[in-house]
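Engineer: Would you be able to build a 3D model of this:
(one chain, ligands or ions: 2)
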Amino acid sequence: MPSFACTRCGKCCMNFGELIRIERELSGTEFSCRFLITNEVFRARVMPEWREIFSDTAEVDAHPAWCRFLRRSPEGPGFVCTVHDSNASICREFRCCLMRIYDRTGRQVGKIGGNRGLISEDECLNQFFREHVAVIEGSSLKDWLGKAGKALSSAGYRVVIYDED
Ligand code: SF4
Ligand code: SF4
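Structural biologist: Numbering: from 1, shown residues only. Ligands and ions are numbered 1, 2, ... in the order given. The predicted structure is shown next:
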């Protein structure tokens, strides 16, 4: 299975502003934080190479939904996590795409997001997903993905499942 490749589009971090709370500023570059869903406490340290862009808060101030540690990459398109080495476990484990789904012609018709939901504008696929995939039970994500992949393959779709590395 291929590994998931993050494109650093930043979209996931743009919704984490309310979930990753800075509870205490220990220094200008070190913060005691909490991930509110799991109550995980972590100490975020701004990486030396990102200290300069971290000090510019104009864009993050203008977007309250963004995580406070997100900044636009100065080296081209995309975003950077300025505390990449010390962020929350959810940040390291998050996968926005678990599976890509292609039709018989090789056209991508949908993908399965990190919450096991289908993202697709193809009505046939949406219907098939509702009737045959959403109902699948799986004890683990890997198990669920395997069963979902088999169901989709049996209906003629080709799937690419991303592993957890
Ligand atoms: S995990 Fe997904 S949404 Fe988040 S930055 Fe990477 S590609 Fe974008
Ligand atoms: S700590 Fe980093 S990876 Fe986690 S949500 Fe914030 S910017 Fe994104």
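
Engineer: pull the longest helix from the chain.
Structural biologist: Criterion DSSP state H: the longest helix present in the chain is helix 141-154.

Engineer: who's in contact with the worst-scoring helix or strand of the chain on mean pLDDT?
Structural biologist: Lowest by mean pLDDT, DSSP states H and E among the helices and strands of the chain is helix 89-93, with a mean of 87. Defining contact as C-beta atoms under 8 Å, 6 or more residues apart in numbering, one finds that helix 89-93 is touched by 13, 35, 37, 38, 40, 42, 81, 164. (C-beta placed from N, C-alpha, C; glycine too.)

Engineer: same thing but 7 Å
Structural biologist: With contacts defined as C-beta atoms under 7 Å, 6 or more residues apart in numbering, helix 89-93 is touched by 35, 40, 81.

Engineer: so, in contact with ligand 1 or not, that helix?
Structural biologist: No: judged by C-beta under 6 Å from any ligand atom, helix 89-93 and ligand 1 are separated, with a smallest distance of 9.0 Å.

Engineer: Give me the nearest residue to residue 94, chain neighbours excluded.
Structural biologist: Of all residues not flanking residue 94 in the chain, residue 12 sits nearest, at 5.7 Å (C-beta to C-beta, 6 or more residues apart in numbering).

Engineer: Can you show me the CA trace of the top strand by length along the chain as PDB?
Structural biologist: The strand that spans the most residues within the chain, counting by DSSP state E, is strand 20-27. Coordinates of each C-alpha in strand 20-27 appear next as PDB, following Å, rounded to 0.1, in the frame of the first residue of the first chain:
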ATOM      1  CA  ILE A  20      -5.800  23.200  20.000                       C
ATOM      2  CA  ARG A  21      -5.800  25.600  22.900                       C
ATOM      3  CA  ILE A  22      -2.700  27.400  24.100                       C
ATOM      4  CA  GLU A  23      -3.100  27.200  27.900                       C
ATOM      5  CA  ARG A  24       0.100  28.800  29.000                       C
ATOM      6  CA  GLU A  25       2.900  30.700  27.200                       C
ATOM      7  CA  LEU A  26       6.100  29.400  28.800                       C
ATOM      8  CA  SER A  27       8.300  31.600  26.600                       C
END
